[in-house]
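Trainee: I would like the atomic coordinates for the input below:
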Amino acid sequence: MNKPLVFLGSNSNIHKIYELCISAGYEVIGIIDDDYHGQGKFKEFTVIATEQELVDNTDNIQEKYQYICVTNWLTDKDSVALRNKEKRIKQINLLDSLPVQIATVISPLARVSNYSNIGVGTFIDDFVVVEPHVTIADHVAIHSFAFVGHNSNVGRNSVLQRYCFLTSNVTLENTVYLGLCSKILRSDVIIRQGTFVHPGLMLLRGTAVNEEVSLAGKDLRKVYQSVEIS
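Mentor: Coordinates of the predicted model:
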């Protein structure tokens, strides 16, 4: 907490992230986002530099501040979502390549076991529960009311949306996205890299790489014709 915090990237819900950081004791002074550098601000947040100036360490900004990537990534296939996903991966790789302090933000309202290992660049939101002997890798986002059971592992750049539930001994590989209210209810399963679990679904198995788990497949949807009974 000894250095002011700078957001790398931006986010349509940046005020929520800002309030979370303030509640966790950080002083947020601005952002670095090349998309908005020419405007000088994103919303009311000052754009303090470009990514290249961060690389070049202009005005010693590597030493002055600590950083966290706030660019959001979603599973949508439109051009904006795909660009944001690529942008986030580029930005977290940039942070990892530089000699900068990367912040980890944990809400004071979260319950995170002291016996767990939390990576850098990770957000843990209000009312999250992380049980003992959990390993959460770098640059993970865990949103409000999510539950991570003991001895589970969450891979780099994964997202657990609100009210997600992981039972014990579950492994999420890198870049897994668990939609709102989804649940992994069997221990000792592996959710493979790139998996997207649609909101509200319950899984009792592992997944394949880049699998999209949905009930909207042509073999799963059934339409029942209503019959009027006289």
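
Trainee: where does pLDDT dip in the chain?
Mentor: For the chain, the stretches flagged by pLDDT under 70 are 1, 217-230.

Trainee: wait, Asp138 touches Asp96, no?
Mentor: Yes: Asp138 is within contact range of Asp96, at 7.4 Å (criterion: Cβ atoms under 8 Å). Quick note: C-beta positions are derived from backbone N, CA and C, even for glycine.

Trainee: find the centremost residue of this protein, please.
Mentor: Ala141 (2.5 Å; Cα atoms, centre = their mean).

Trainee: tell me the contacts of that one?
Mentor: Shown in contact with Ala141 (Cβ atoms under 8 Å, 6 or more residues apart in numbering): 122-123, 158-160.

Trainee: now that we have these, which one has the most neighbours?
Mentor: Leu160 (29 neighbours; other Cβ atoms under 10 Å).

Trainee: Asn157 reaches Glu86, doesn't it?
Mentor: No: taking contacts as Cβ under 8 Å, Asn157 lies outside contact range of Glu86: 11.8 Å.

Trainee: mind listing the helices for this protein?
Mentor: Remark: helices assigned in the chain by DSSP state H are 14-23, 51-56, 61-64, 79-97.

Trainee: CA atoms of the longest one as PDB?
Mentor: Below are the C-alpha coordinates for helix 79-97, written out as PDB (Å, rounded to 0.1, in the frame of the first residue of the first chain):
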ATOM      1  CA  SER A  79     -15.000  -7.600 -32.400                       C
ATOM      2  CA  VAL A  80     -15.000  -5.400 -29.300                       C
ATOM      3  CA  ALA A  81     -15.000  -8.300 -26.800                       C
ATOM      4  CA  LEU A  82     -12.300 -10.100 -28.800                       C
ATOM      5  CA  ARG A  83     -10.100  -7.000 -28.900                       C
ATOM      6  CA  ASN A  84     -10.600  -6.400 -25.200                       C
ATOM      7  CA  LYS A  85      -9.500 -10.000 -24.400                       C
ATOM      8  CA  GLU A  86      -6.400  -9.600 -26.600                       C
ATOM      9  CA  LYS A  87      -5.700  -6.200 -25.000                       C
ATOM     10  CA  ARG A  88      -5.900  -7.600 -21.500                       C
ATOM     11  CA  ILE A  89      -3.600 -10.400 -22.300                       C
ATOM     12  CA  LYS A  90      -1.100  -8.000 -23.800                       C
ATOM     13  CA  GLN A  91      -1.300  -5.700 -20.800                       C
ATOM     14  CA  ILE A  92      -0.800  -8.400 -18.100                       C
ATOM     15  CA  ASN A  93       2.100  -9.700 -20.100                       C
ATOM     16  CA  LEU A  94       3.500  -6.200 -20.100                       C
ATOM     17  CA  LEU A  95       3.200  -5.900 -16.400                       C
ATOM     18  CA  ASP A  96       4.900  -9.200 -15.800                       C
ATOM     19  CA  SER A  97       7.800  -8.200 -18.100                       C
END
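
Trainee: quick one: it to chain centroid distance?
Mentor: On the basis of Cα atoms, centre = their mean, to the nearest Å, helix 79-97 sits 12 Å off its chain's mean C-alpha point.
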